[in-house]
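K.L.:
generate coordinates for the sequence data below:
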Amino acid sequence: MHPVTRVKLSFMMFLEFFIWGAWFVTLGTYLLSELETSATQVGVAFLTQSIGAIVAPFIIGLIADRFFPAQRILGVLHLIGAALLWYASVVTDFDAFYPTILVYMILYMPTLALVNSVSFRQMQDPSKEFPPIRVLGTLGWIIAGLTIGWLNWEQNGNLGLTFRMASIASAILGLFSFTLPNTPPIKGAGKATIGDMLGLEAIGLFKNRSYLTFFLASVAICIPLAFYYNFTNPFLNELGMESAAGKQAMGQMSELLFMLLMPLFFVRLGVKKMLAIGMFAWVLRYLFFAFGDIEGGYWMLIGGIILHGICYDFFFVTGQIYTDNLAGERFKSAAQGMITLATYGVGMLIGSLLSGVIVDAFQTSGGGHNWQAIWLIPSGIAAVVLLLFLLLFKDRANRQNTTVRQPADIPSGQRELKIRS
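P.N.:
Numbers count the residues shown, from 1 in each chain. The predicted model follows:
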C-alpha cells in the first residue's frame, strides 16, 4: 500500500471512532442531568444504535454496493451527520432531541461498514495491513474520552459541547472522504434480496447445535452489555468520580492490550474457554460496580472498566473467529452480518429498553439511584447466560484441532493458529 494511502485510511479510521466516542459515552449523563429526562428515555435514546444497526445493511446492500462509490456515500453521510449533531447540541427537550439522534444513528451506523470497505479495497493482504489502520479507530475513541475528561465538561454541565466537538469532526471527515481512494460499486452485483442484506443465507449454521447455542448467547449477553454502555457514565458521575469519561477510556486501552495477546490465549485455551472467560468477565464487572465506591472500593470501579477488554475481545472477537471458521468461504460475509444484526440490533435493543426501566425503578427519593441493586441485575443475567452456555456448548463436531486464519481485525493475524474447540 502506498504510504499516502495508509495515512489517509488511518486518519479516516481515527475520525470515524472519535466522532462516536465524543458524544456516545456521556449521552446518559447529558440526558439525565442537562435535559432532565428519565432513565427510560435514556434507554430509548441508546436504542437508536440498534435501529441504525438494523437499517445499515439495507443502505449498504441497496446503495453502496451497487450504485455509488463508497467514499462519496461516506462523505455525504458524515456531512449530513455534522449538521444533525450540531442541532442536537442546541435542542432543549427530549422530544426534539430523540428524532434528531435517531436520524443521525440511521445515517452513522452504515459508515462503520463503509470505512472498512474503503480500507479493504486498497489492500493486498488485509490480515497484515488492516490491524495497524483499525487500531487508530480505538485510539480515536480513547482521545475523545480523554479530551472530555481533561476539559471537565461532565462536572461543569457542558456536555452539550460533546455534540459540537463530534459535529466538527464529522464535517472534517465528510470533506476528507472525497479525497479518499476511489472505491467504486462492486462489479456484477446483482439484485439485492432482503435475505442477502440480513445475512439469512448463513442460517444453515444453526444446524450445528453448538453454534446455535453461541448465537443465542451472543444475543442474550448484549442485554447486560447495554447496561454498561448506557449507564456507566451516569453511575460514575453520580458517585463523584472526576473525569469519568477519561477513566472509561481505560476500557478501550484494555481492549487494545488483550487484542494483542489474543493469539497466545487462543492456542492455550481454545474457543469454548475463551467465550466462557469473556462472559465471566461480564459477571465480575457488574459485581465490581455493585460493590465499588469512590473511597475504599475505588479499585473495583477501575477494575470494572478495565475488564471491558476481556469482555469484548474474549467474547465478540472470539465469536467472529468461530463464526468465520464454521461459515466457510461462501457464507463468511453473510454469517458476520447476521451475528452483527442479532447482537447490536436485537440484543442491544432489548437491553436498552430493559436497562432504562430498571434504572428508573431503583431511583431513590433524593434523585439518586440504588446502583448496587441495579448492577446486580445485569450480573445475574450474564451469570445465567454463562451457565447455560457451559452446559449446552459441546461442539463435538470440532473436537480435533482446526486450522483457522484470524480475521483482519486481530493484530498479529497474519499467521495461522491451531484453535482447540
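
K.L.:
residue 315 contacts residue 278, correct?
P.N.:
Yes: using Cβ atoms under 8 Å, residue 315 is in contact with residue 278, at 3.1 Å. (C-beta placed from N, C-alpha, C; glycine too.)

K.L.:
hey, what's in contact with both of these two?
P.N.:
Here residue 315 and residue 278 have no joint contacts, going by Cβ atoms under 8 Å, 6 or more residues apart in numbering.

K.L.:
what comes up buried for stretch 50-59?
P.N.:
50-57, 59 (16 or more other Cβ atoms under 10 Å).

K.L.:
who's sitting farthest from the centroid in the chain?
P.N.:
Relative to the C-alpha centroid of the chain, counting by Cα atoms, centre = their mean, residue 365 is the outermost residue, at 33.8 Å.

K.L.:
if I look at that one, how far off is residue 91?
P.N.:
For residue 365, the distance to residue 91 (Cβ to Cβ, to the nearest Å) stands at 30 Å.

K.L.:
one more: residue 208?
P.N.:
Distance of residue 208 to residue 91, given as Cβ to Cβ: 48 Å.

K.L.:
flag the shaky bits of the stretch 101-250 of the chain, pLDDT-wise.
P.N.:
126-127, 186-202 (pLDDT under 70).

K.L.:
what's the answer for the stretch 301-421 of the chain, then?
P.N.:
Residue ranges of the stretch 301-421 of the chain with pLDDT under 70: 327-334, 336, 395-421.

K.L.:
mind jotting down where the helices sit in it?
P.N.:
308-310, 318-340, 348-361, 371-392 (DSSP state H, counting those that start in this stretch).

K.L.:
and those: which comes nearest residue 160?
P.N.:
With Cβ to Cβ, the closest approach to residue 160 among the helices of the stretch 301-421 of the chain belongs to helix 348-361: 21.1 Å.

K.L.:
tilt between that closest one and helix 371-392?
P.N.:
150 degrees (axes from the mean of the first three to the mean of the last three Cα atoms, to 10 degrees).

K.L.:
show me what helix 348-361 is packed against.
P.N.:
If contacts are counted by 3 or more Cβ pairs under 8 Å, 6 or more residues apart in numbering; DSSP states H and E, helix 348-361 sits against helix 39-46, helix 48-59, helix 209-239, helix 371-392.

K.L.:
now what about the second one, what contacts it?
P.N.:
Applying Cβ under 8 Å, 6+ apart, the set of residues contacting helix 48-59 from outside is 24, 98, 101-102, 104-110, 112-113, 197-199, 337, 340-341, 344-346, 348-349, 352.

K.L.:
again, only using 7 Å
P.N.:
101-102, 105-106, 108-110, 113, 197-198, 337, 340-341, 344-345, 348-349, 352 (Cβ atoms under 7 Å, 6 or more residues apart in numbering).

K.L.:
out of these, which end up buried?
P.N.:
Among those, the ones that count as buried (16+ other Cβ under 10 Å) are 101-102, 105-106, 108-110, 113, 197-198, 337, 340-341, 344-345, 348-349, 352.

K.L.:
in the stretch 151-300 of the chain, which spans are helices?
P.N.:
Under DSSP H, counting those that start in this stretch, the stretch 151-300 of the chain gives helices at 153-156, 160-177, 194-198, 209-239, 244-291, 298-306.

K.L.:
those: which one's closest to residue 385?
P.N.:
helix 209-239 (4.7 Å).

K.L.:
same for that closest one, what does it pack against?
P.N.:
helix 27-33, helix 39-46, helix 244-291, helix 318-340, helix 348-361, helix 371-392 (3 or more Cβ pairs under 7 Å, 6 or more residues apart in numbering; DSSP states H and E).

K.L.:
list the buried residues in it.
P.N.:
Across helix 209-239, burial judged by 16+ other Cβ under 10 Å covers 210-211, 213-239.

K.L.:
same thing with stretch 257-264?
P.N.:
In stretch 257-264, counting by 16+ other Cβ under 10 Å, buried: 258-259, 262-263.
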